[in-house]
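# no sequence on this one, just coordinates:
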């Protein structure tokens, strides 16, 4: 064991619940010094300072075989061992005691020490032996834990002037009452009535309120926002222009294809679909497709031309039954009447329309409409534009073969706001494919920031999510807020591209338009933490959340989290009635701090494999911290 005193949080070896301790259980680990630690220190779960002469003897214990013996032949420093520090209960009445004896004229004693979050001793009480007892004498000290107490420990100590040899055994630390550790005054979140969920090994995010049954104290779900990065493409080619739009980011192996609408002349027939390519999702180069003539040359990146190019949105078909000639698919305006056509390509460059009629006809499609293969539902899913209640809205339908589609229905939101959702950018989230995430462009047609600017209107982008593709929870505050540039405060700016690209081990890239109808039309990249759309957050006040009942699989809990320097998170596994499971209490949990996308939570009291296949609740307590996602794994 490290001989230097540390401030690392240790865990209780008992189970407590509620705001009152469960009786007079000895909180000191290895109180009779019966166990030596693996590194050869005198006793496991105890620590001392450098230069202290202390040994564990195995034939002179008061009740068992072992005790500890201090030998001090100098008055230069005190003699001390301190128990492992454990979470303190603010306001609790603590009693610390130990049995001491000496054959020399010294008077050792017992310290009760309280430490704050910074490891500073904020309160202590010391009592010494009466005289220099040759026989075992019990020394008792009592103290109320202050509100600032974060950890508590019992120490056996002799001052520098107490030269001699003394022995100690049978330490005890108990508490009555007090608030829960780290959370003075916090009321425990209580079970609600949400039914059990087969979480298995799924990664769960906090994008909706599905997982959480109740919350208490200073905790909330907090929407996060992408950080602005560089411009990845300037629309400066003559076949592109100031109204280039409807970008789609399509990962394909070790490359990313970017599709977008260019515009040669006004109107649908004059529009073109273009493609650029990147190996990192940051640096894009136009693909020289050599397919369509522009002013006498095919030296361009145009892959489709005409009405279908207005809203041409491709994807790589992950359907295992997809044939090679249709490895890429797309939807866009049909060339055979009103509606969306179904398109296919073997390579993402050479395209054809699959039918001689539109595949989807119920809708108003003058927007970016999206489709993709959902491996969990085992069908193709479409999301497209149609008006409802006077605003632009989203419909959805499905297909087994990409040619014949169900009758579209409107998605629902669970709120009554009437907002123009111009595009939807809905997709399956690859790290948790049972979740749909969407980044609709929210259009406000009646506002203008530049006087006299035509057409009027401003836009931002919101965030929403769904578990079934029909019912969405959406945030009212913007996910992408316009920057300070006046050119992004006009119509059809800040429109998200469809597609999220992993551009690093810690980040996801999201893209949006800027300077629409202005010189310098471009596509901007932003980055967000993996799983970082929404977090459980506690800022400045302790809070906790209790999940619905979860049937779990695996032997570990993996979390994606971040704290500040003073922050922490603890985890507790509970029975369905909210009572803690022995070995997995908040006090058995490490007090997690740091910033990690993948961390395995540690409990001192048990192995999670004991609960594999069982139904539990998870209690999450935190301060100055964010929890982005969790999952149970092997």
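Structure received. All figures in this text were calculated on a predicted structure; none of them were measured in a lab.

# contacting residues for residue 410?
386, 388, 393-396 (C-beta atoms under 8 Å, 6 or more residues apart in numbering). Any C-beta I mention is one placed from the backbone N, CA and C, and that applies to glycine too.

# repeat for residue 586
Here residue 586 is in contact with 87, 180-181, 570-572, 580, 619, 621 (C-beta under 8 Å, 6+ apart).

# cool, residue 553 as well?
199-201, 612-613, 632.

# change it to 7 Å
200-201, 612-613, 632 (C-beta atoms under 7 Å, 6 or more residues apart in numbering).

# go on, residue 294?
239, 300, 302.

# Output the below-cut-off pLDDT ranges for this structure.
1-23, 38-43, 51, 75-76, 266-268 (pLDDT under 70).

# Can you give the domain ranges for it?
46-176, 197-224+534-633, 313-529 (automatic domain parsing).

# As a markdown table, the ones you listed with distance to residue 243 would be great.
Shown next, in a markdown table, are these (distance: least, C-beta to C-beta, whole Å):
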| stretch | distance to residue 243 |
| --- | --- |
| domain 46-176 | 55 |
| domain 197-224+534-633 | 30 |
| domain 313-529 | 6 |
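
# For residue 285, which of the ones you listed is the nearest?
domain 313-529 (13.6 Å; C-beta to C-beta).

# Start and end of that closest one, how far apart?
Across domain 313-529, the terminal residues are separated by 26 Å (C-alpha to C-alpha, to the nearest Å).

# Please work out how many residues are found near the nearest residue to residue 553 once chain neighbours are set aside.
In space, and not counting its chain neighbours, residue 553 is closest to residue 200: 4.8 Å by C-beta to C-beta, 6 or more residues apart in numbering. Residues near residue 200, counting by other C-beta atoms under 10 Å, number 13.

# next one: residue 223
Neighbour number of residue 223 under other C-beta under 10 Å is 16.

# Equivalent analysis for residue 507, please.
20.

# just residue 597 next, same as before
18.

# Next SSE downstream of the helix or strand it falls within?
Using DSSP states H and E, residue 597 falls within strand 595-600. Going down the chain from strand 595-600, the next helix or strand is strand 615-633, by DSSP H and E.

# From residue 211, how far out is the residue lying closest to residue 564 once chain neighbours are set aside?
Sequence neighbours aside, residue 624 is the residue nearest to residue 564 in space, at 4.8 Å (criterion: C-beta to C-beta, 6+ apart). Distance, residue 624 to residue 211, using C-beta to C-beta, to the nearest Å: 22 Å.

# Show me which positions of stretch 249-256 end up buried.
249-251, 256 (16 or more other C-beta atoms under 10 Å).

# returning to that earlier point: strands - which of the contacts of residue 586 land there?
Of the contacts of residue 586, the ones assigned to strands by DSSP state E are 87, 570-572, 619, 621.

# now, the most widely separated pair of those residues?
Of all the pairs that the ones in strands among the contacts of residue 586 form, the one spanning the most space (C-beta to C-beta) is 87 and 619, at 14.5 Å.

# which stretches of the stretch 201-350 of the chain form strands?
Remark: strands assigned in the stretch 201-350 of the chain by DSSP state E, counting those that start in this stretch are 204-205, 212-217, 220-223, 227-234, 245-252, 255-263, 271-278, 284-286, 302-305, 313-316, 328-333, 340-345.

# meant to ask about the stretch 451-600 of the chain
Going by DSSP E, counting those that start in this stretch, the stretch 451-600 of the chain shows strands at 458-461, 464-466, 472-474, 501-502, 507-514, 522-529, 534-538, 543-547, 550-552, 556-574, 595-600.

# Among these, which comes closest to residue 74?
Using C-beta to C-beta, the strands of the stretch 451-600 of the chain put strand 556-574 closest to residue 74, at 38.6 Å.

# roughly how far is the closest one from the heart of the chain?
With C-alpha atoms, centre = their mean, to the nearest Å as the basis, strand 556-574 stands 10 Å off its chain's centre.

# How about stretch 382-392?
Counting by C-alpha atoms, centre = their mean, stretch 382-392 comes out at 32 Å from the chain centroid.

# what do you get for stretch 528-545?
The answer for stretch 528-545 is 7 Å, by C-alpha atoms, centre = their mean.
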